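In: model the structure of this input:
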Amino acid sequence: MIITNRKLEERILLNLGCGQTRPLGWINTDSSLNSLFQKYPIIQHLMIKIHKSIKYSTSNVIFMDLRYAWKFKDCSVDVVYASHVFEHLTLKTSQLFMNEAFRVLRPNGILRIVVPDLYQLAKNYVSRYEQGDEIASQEFLEFINLHKEGTYSKNRNIFVKILNFLQSYPHQHKYMYDALSIKHFMSANGFVDICESTYGESKYISEISQVEFTKEGVPSIYIESKKVRAL
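Out: The predicted structure is shown next:
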């Protein structure tokens, strides 16, 4: 199990699939090999040079693969936050995510999931189509990111191909959600007080500006819920 040096009275904030958003005060996790090797300068240098990996300005991250059980103790976390991560999970892994989030959260702990809004994207597509926009379908497909054709160059060297394979590239979306389906998923897994929110605002997480501090990209939905208090 992952052990932190934090005091019991401190809030434990878990930021899953953090990418470059790695605020202090949060446990930031990512499944990229770049995050795994960044504490080893020689390996990181090779990855940046050969694989064109991003060089992060901070190493405030731990490696975590969401396809497996989370290495956190039961009832040990106050907030589970995942922005534009859930849509990259298969339905099987999504169910594991819900199970593990519920397990590691303390009573009244908060789960906040941010995903692209399938309803809004589809609504925009239909509107543009009806106005005769000839590239509406192309942009809609790019937003939902479910296709693989042409994602990576065929001229990749064998080292890059191996790294891509190990990281399950290409990272297309595995599923798409709207507000109703996310709420149903949370409710079916024991979460309560489920509500919609907006970018940079939260009913439950006072620290939300630490992970949502720029601006929204793709139209998204922001759903929060609580783990029911233990009896």
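In: hmm, residue 105 is touching residue 73, no?
Out: No - Residue 105 sits out of contact with residue 73 when judged by Cβ atoms under 8 Å, with a separation of 11.2 Å. Bear in mind the C-beta positions are built from the backbone N, C-alpha and C, glycine included.
In: which one of those two has more residues nearby?
Out: Ranked by neighbour count (other Cβ atoms under 10 Å), residue 105 and residue 73 place residue 105 first, with 26 against 12.
In: for the nearest residue to that one once chain neighbours are set aside, what are its contacts?
Out: Here the nearest residue to residue 105 in space, its sequence neighbours aside, is residue 227; by Cβ to Cβ, 6 or more residues apart in numbering that works out to 4.3 Å. The contact partners of residue 227, by Cβ atoms under 8 Å, 6 or more residues apart in numbering, come to 102, 105-111, 190-192.
In: and after the helix or strand hosting residue 187, which helix or strand comes next?
Out: Per DSSP states H and E: residue 187 is located in helix 179-188. Scanning forward in sequence from helix 179-188 by DSSP H and E, the next helix or strand is strand 191-197.
In: neighbouring strands for the helix or strand that that next one is followed by, and are they parallel or not?
Out: As assigned by DSSP H and E, the chain's next helix or strand after strand 191-197 is strand 220-227. Next to strand 220-227 in the sheet, as set by DSSP bridges, lie strand 105-116 (antiparallel), strand 191-197 (antiparallel).
In: for the contacts of residue 227, which one is nearest residue 220?
Out: Among those, residue 111 lies closest to residue 220 (Cβ to Cβ), at 15.9 Å.
In: I figured the closest one hits residue 186, correct?
Out: Yes - counting by Cβ under 8 Å, residue 111 touches residue 186, with 6.9 Å between them.
In: mutual contacts of these two, please.
Out: Common contacts of residue 111 and residue 186 (Cβ under 8 Å, 6+ apart): residue 225.
In: who has more neighbours, those two?
Out: Neighbours per residue, other Cβ under 10 Å: of residue 111 and residue 186, the larger number sits with residue 111, 25 against 22.
In: just the pLDDT for that one.
Out: For residue 111, the pLDDT comes out at 98.
In: which intervals of the chain have sub-threshold pLDDT?
Out: 1-9, 33-58, 147-170, 229-231 (pLDDT under 70).
In: just the strands in it please.
Out: All strands of the chain, identified by DSSP state E, fall at 13-16, 27-30, 62-63, 77-83, 105-116, 191-197, 220-227.
In: got the buried residues for the fifth one?
Out: Looking back up the chat, that one is strand 105-116. The neighbour-count check on strand 105-116 (16 or more other Cβ atoms under 10 Å) flags 105-106, 109-116 as buried.
In: so can I have a markdown table of those residues showing distance to residue 146?
Out: Converted to a markdown table, those look like this (distance: Cβ to Cβ, whole Å):
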| residue | distance to residue 146 |
| --- | --- |
| 105 | 30 |
| 106 | 36 |
| 109 | 32 |
| 110 | 29 |
| 111 | 25 |
| 112 | 24 |
| 113 | 19 |
| 114 | 18 |
| 115 | 13 |
| 116 | 11 |
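In: what's the most distant pair in those residues?
Out: Most distant of the buried residues of strand 105-116, by Cβ to Cβ, are 106 and 116, 29.2 Å apart.
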